[in-house]
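Colleague: Predicted model follows, preceded by the sequence.
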Amino acid sequence: MMDRPDIGSIAEMADTPEKKLEHLGLKLPALRSPVGSYVSCVRTGNLLFTAGQGVDEFHGKLGRDLTTEEGYLAARQSMLNLLSVVKAELGELSKVKRIVKVLGMVNSTEDFTDQPAVMNGASDLLGQVFGDKGKHGRSAVGMAQLPNNTAIEIEMILEVEGGED
């Protein structure tokens, strides 16, 4: 699959999630506008629930239009989009205490069964950026169709510092 930097070596190089992204050669994209009647995230107490984030770069079905490798890259991009939402809400990614749950919806053909490998693009990135805090529960499911024919849509639940009254 993809060449993945060693999680331990990235942790040694940088002390903040933003610096870890920089060492990976990645940067957070501009916030994407919601395409419906919803907000990008909701915070309650010390939990942050994100809306699903698709991607602008990858369209079509896994198993027909896109390879598993392209799906992996789409999942990584979707997670970068989500991290932009989280940073906008919290101000800095170091306020993330734990990634709790990730739900990955993969636009795929009926016979495509490699959704977990596709979702590793998001999960691997969370491990590289957050270390142990990035270990999470996850669901990876195939969908008949996603909005705008995006290849993937991901949402997540995070535990964050502090709480809101």
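Modeller: Looks like it came in fine.
Colleague: Report all helices and strands that the helix or strand Ala122 falls within contacts.
Modeller: Using DSSP states H and E, Ala122 maps to helix 115-130. Contact here means 3 or more CB pairs under 8 Å, 6 or more residues apart in numbering; DSSP states H and E; on that basis helix 115-130 packs against helix 7-13, helix 17-23, helix 68-90, strand 96-107, strand 137-143, strand 152-160. Quick note: C-beta positions are derived from backbone N, CA and C, even for glycine.
Colleague: mind listing what's buried in the second one?
Modeller: It refers to helix 17-23. Pro17, Glu18, Lys20, Leu21, His23 (16 or more other CB atoms under 10 Å).
Colleague: and the first one, what does it touch?
Modeller: By CB atoms under 8 Å, 6 or more residues apart in numbering, the contact list for Pro17 reads Leu83, Glu92, Leu93, Ser94, Val96, Val129, Phe130.
Colleague: For the buried ones among those, write the corresponding ChimeraX selection.
Modeller: A single ChimeraX command selects the buried members of the contacts of Pro17 (16+ other CB under 10 Å):
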select :83,93,96,129,130
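Colleague: CSV please, covering the contacts of Pro17 and showing pLDDT and distance to Arg64.
Modeller: Below are these laid out as CSV (pLDDT from 0 to 100; distance: CB to CB, whole Å):
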residue, pLDDT, distance to Arg64
Leu83, 98, 29
Glu92, 97, 40
Leu93, 98, 35
Ser94, 97, 40
Val96, 98, 36
Val129, 97, 31
Phe130, 97, 33
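Colleague: which intervals of the chain have sub-threshold pLDDT?
Modeller: 1-14, 164-165 (pLDDT under 70).
Colleague: can you do 80?
Modeller: For the chain, the stretches with pLDDT under 80 are 1-14, 163-165.
Colleague: thinking again about what came up before, now flag whichever of the contacts of Pro17 is closest to Ile157.
Modeller: When these are compared for distance to Ile157 (CB to CB), Val96 wins out at 11.3 Å.
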